[in-house]
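Engineer: give me the fold of what follows.
(one chain, ligands or ions: 1)
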Amino acid sequence: MNFPPLTTTVVGSYPASPEVQSLFNYCKTGQDPYAESIKEAVEAQISAGIDIISDGQTRNDMIKLYATKLGGIRMRQKPVVIGELEHRKPITLEDQKLAKEIMGDRAMLKGIITGPFTMAMSCQDDYYSSQEKLAMNFAEALNAEARALSGIVDILQIDEPFFSVEYPDYASDLITTIFAGVKIPKALHVCGDVSDIFQELVELNVDILDHEFAAHSRLLNIVADVDFSQTIGFGCVRSDINIAEKEPEISERVKRGIDSIGKHKMMLDPDCGLRHLTSEVAKEKLQNMVKARDNHES
Ligand SMILES: [Zn+2]
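Structural biologist: Residues are numbered from 1 along each chain as shown. Next up, the predicted model:
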């Protein structure tokens, strides 16, 4: 895996949504209203100067996006697994193709799949009667999505926020299964405070470990004491505060990261997805992050 030091990226979601009118028009015209929000997200990330962008994950939240499309799930307020999980056809591939078409060669593209453990923890299980079986079946079903996406995106990320809540002893099996056959760089995003599980995360077969360093500064002390081979996705702007940090503040965080990790082993991104921010603040955060990177480039 060869990305320049301090390559900038995003975790995934971006605050862009279709105009209400185009949602209404969808019934009449059949024109996908989310095409415009994907375009808005892609253009915003590119104009902020981000090297590896996403499609903005504007279509749905990270759970529903997959739960509504996999076979074996009945949608209730909490999705209910009622049968064998089945990947019927690619779920996010068309959105990635559209993002790629819009961006051309102006950036690289990251595909994102919600992780099997997070899916399992977010569904009611009326079929497998075992959390581990449920999660493993999600991993197998979502591996088909991973293989489909890996033909088109430059890097593939699995999102497992629930790993920081409860780390299963079969985590490694889940990650190996979902990434089976994937030949492009593999990233794992775990938000929350991963200080207590970082030692275990470095054992996983991934190329990039992506975490929140802005919100959880003690993590840097842990990382400094652990040997690891992965590149670190260094979350350096807050995704939970709707105020854009100025460049010097981000730059200071990046400097601390460089001093302890080394810039050759770092990518820069926000702590987590930006969905809950206003689009103005999201864009400003990305722009200031790119300025902070430029400060440390030479
Ligand atoms: Zn996150």
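Engineer: only C-alpha atoms for contact and neighbour calcs from this point on.
Structural biologist: OK.
Engineer: what residues does the stretch 51-200 of the chain put near the ion?
Structural biologist: For the stretch 51-200 of the chain, the contact set with the ion under Cα under 5 Å from the ion comprises residue 191.
Engineer: can you rerun that using 6 Å?
Structural biologist: Residues of the stretch 51-200 of the chain found near the ion (Cα under 6 Å from the ion) are 161, 190, 191.
Engineer: residue 228: neighbouring residues, count only.
Structural biologist: Using other Cα atoms under 10 Å, residue 228 has 15 other residues around it.
Engineer: so who does residue 194 touch?
Structural biologist: 164, 211, 219 (Cα atoms under 8 Å, 6 or more residues apart in numbering).
Engineer: of all those, which comes closest to residue 69?
Structural biologist: residue 164 (26.0 Å; Cα to Cα).
Engineer: contacting residues for that closest one?
Structural biologist: 190, 191, 192, 193, 194, 197.
Engineer: let's see 7 Å
Structural biologist: Applying Cα atoms under 7 Å, 6 or more residues apart in numbering to residue 164 gives the contacts 190, 191, 192, 193, 194.
Engineer: with residue 126 instead?
Structural biologist: 80, 81, 82.
Engineer: now the first one: phi and psi?
Structural biologist: Main-chain torsions, residue 80, degrees, to the nearest 10: phi -110, psi 130.
Engineer: any idea what it is bridged to?
Structural biologist: residue 74, residue 124 (DSSP bridges).
Engineer: contacts only, for it.
Structural biologist: 73, 74, 123, 124, 125, 126.
Engineer: doesn't residue 268 belong to a strand?
Structural biologist: Yes - under DSSP: H, G, I helix; E, B strand; the rest coil, residue 268 sits within a strand.
Engineer: numbering from 46 from now on, please.
Structural biologist: Shifting the count to begin at 46 puts that one at residue 313.
Engineer: so it bridges to which residues?
Structural biologist: residue 53, residue 279.
Engineer: got a pLDDT number for residue 215?
Structural biologist: Per-residue confidence (pLDDT) for residue 215: 98.
Engineer: ok, it - how many residues close by?
Structural biologist: Residue 215, neighbours per other Cα under 10 Å, totals 12.
Engineer: go on, the one 10 residues further on?
Structural biologist: Number of residues near residue 225 (other Cα under 10 Å) recorded here: 15.
Engineer: ok, for residue 107, nearest residue in space, not its chain neighbours?
Structural biologist: residue 159 (6.1 Å; Cα to Cα, 6 or more residues apart in numbering).
Engineer: list the contacts for the one you found?
Structural biologist: With Cα under 7 Å, 6+ apart, residue 159 has these contacts: 107, 108, 203, 204, 205.
Engineer: could the residues you listed go into CSV alongside neighbour count and secondary structure?
Structural biologist: As requested, those are exported to CSV (neighbours: other Cα atoms under 10 Å; DSSP: H, G, I helix; E, B strand; the rest coil):
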residue, neighbour count, secondary structure
107, 19, coil
108, 18, coil
203, 23, strand
204, 24, strand
205, 21, coil
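Engineer: quick revisit: any chance of the contacts of residue 125 in a markdown table, with pLDDT too?
Structural biologist: Shown next, in a markdown table, are the contacts of residue 125 (pLDDT from 0 to 100):
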| residue | pLDDT |
| --- | --- |
| 118 | 98 |
| 119 | 97 |
| 168 | 98 |
| 169 | 98 |
| 170 | 98 |
| 171 | 98 |
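Engineer: list buried residues within the residues you listed.
Structural biologist: Buried residues within the contacts of residue 125, counting neighbours by 16 or more other Cα atoms under 10 Å: 118, 119, 168, 169, 170.
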